[in-house]
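K.L.:
When you get a sec, could you give me coordinates for this:
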Amino acid sequence: MKTIIKYIILLCVGGVLYACCELIFRGYTFKTMAFVGGVCFVLCGLVNEFIDWKTPLPLQMLICAVIVTTVEFVAGVILNIGLGLNMWDYSNLKFNIMGQICPQFFAVWFLLALPAITLDDWLRWRIFGEEKPKYYMTFGKNNFECAAMNANGICKRHIEACEGRETCKSRNSCGECKNYMIPKGQEPCKSCKNVRG
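P.N.:
Predicted structure coming up:
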């Protein structure tokens, strides 16, 4: 039930904010468009449920722009063409597809994805008690600890940073320090019985 309430709140927040943007830039909006905007907000917020936090923020923005454009196209075909509501029409813009989507607005959705992602993450963290947001701008060796993992699954960087690693008397059978604190969410290998979590 809590999950349903959470997504209803996020849907409403996204819908209201989208409607406000419409009112500011077009001077009018539609309830249906507010709903579509809310759906897009929720879907963009789900991106971090399926990809790692360490995915660079620009790539997350690109994924969100693709999601919004896809929803916009489907909604446009159903609502504007099928039902004749004519809520938007990009026919006068270059490279549009059926007047429902175009690269110009894809760029707009890409830019708007940044505040949408960060707002959703903040709401999930502060109101719903989910993981605190963290962002990366590029792919790099620090993005993915698995690139520097030992066979036992413990990050080499932490061990290499230890000043006494060569003479340490507190080693287990894996060669790792018995006093090494495992980061939250990371488990030691089976043979590292003495590593404290």
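
K.L.:
any low-confidence regions in the chain?
P.N.:
140-197 (pLDDT under 70).

K.L.:
So the residue sitting nearest the centre point of the chain versus Ile24, what's the distance?
P.N.:
Central residue of the chain (C-alpha atoms, centre = their mean): Asn48, 3.6 Å from the mean position. Counting by C-beta to C-beta, to the nearest Å, the gap from Asn48 to Ile24 is 28 Å. C-betas here are computed from N, CA, C, even on glycine.

K.L.:
Then Gly15?
P.N.:
15 Å.

K.L.:
quick one: which of those two has more around it?
P.N.:
Neighbour count, other C-beta atoms under 10 Å: between Gly15 and Ile24, Gly15 has more, with 22 against 9.

K.L.:
Give me the nearest residue to the more buried one, chain neighbours excluded.
P.N.:
Nearest residue to Gly15, sequence neighbours excluded (C-beta to C-beta, 6 or more residues apart in numbering): Gly38, at 3.2 Å.

K.L.:
Look at that neighbour and tell me its secondary structure.
P.N.:
Look at Gly38: counting by DSSP: H, G, I helix; E, B strand; the rest coil, its state is helix.

K.L.:
OK, contacts around it?
P.N.:
Leu10, Leu11, Cys12, Val13, Gly14, Gly15, Val16, Tyr18 (C-beta atoms under 8 Å, 6 or more residues apart in numbering).

K.L.:
If we use 7 Å, what do you get?
P.N.:
Shown in contact with Gly38 (C-beta atoms under 7 Å, 6 or more residues apart in numbering): Leu11, Cys12, Gly14, Gly15, Tyr18.

K.L.:
How about Phe110?
P.N.:
So Phe110 contacts Met61, Leu62, Ala65 (C-beta under 7 Å, 6+ apart).

K.L.:
do that again at 10 Å, thanks
P.N.:
Contacts for Phe110 (C-beta atoms under 10 Å, 6 or more residues apart in numbering) come out as Pro58, Met61, Leu62, Ile63, Cys64, Ala65, Val66, Val68, Thr69.

K.L.:
Next one: the residue lying closest to Val39 once chain neighbours are set aside relative to Lys94, how far apart?
P.N.:
Spatial nearest neighbour of Val39, excluding adjacent residues (C-beta to C-beta, 6+ apart): Val71 at 6.2 Å. In this structure, Val71 and Lys94 are 22 Å apart, going by C-beta to C-beta.

K.L.:
Could you break this structure into its assigned domains?
P.N.:
Residue ranges for each domain of the chain read 2-126, 144-197, as given by automatic domain parsing.

K.L.:
Right, I'll leave it there.
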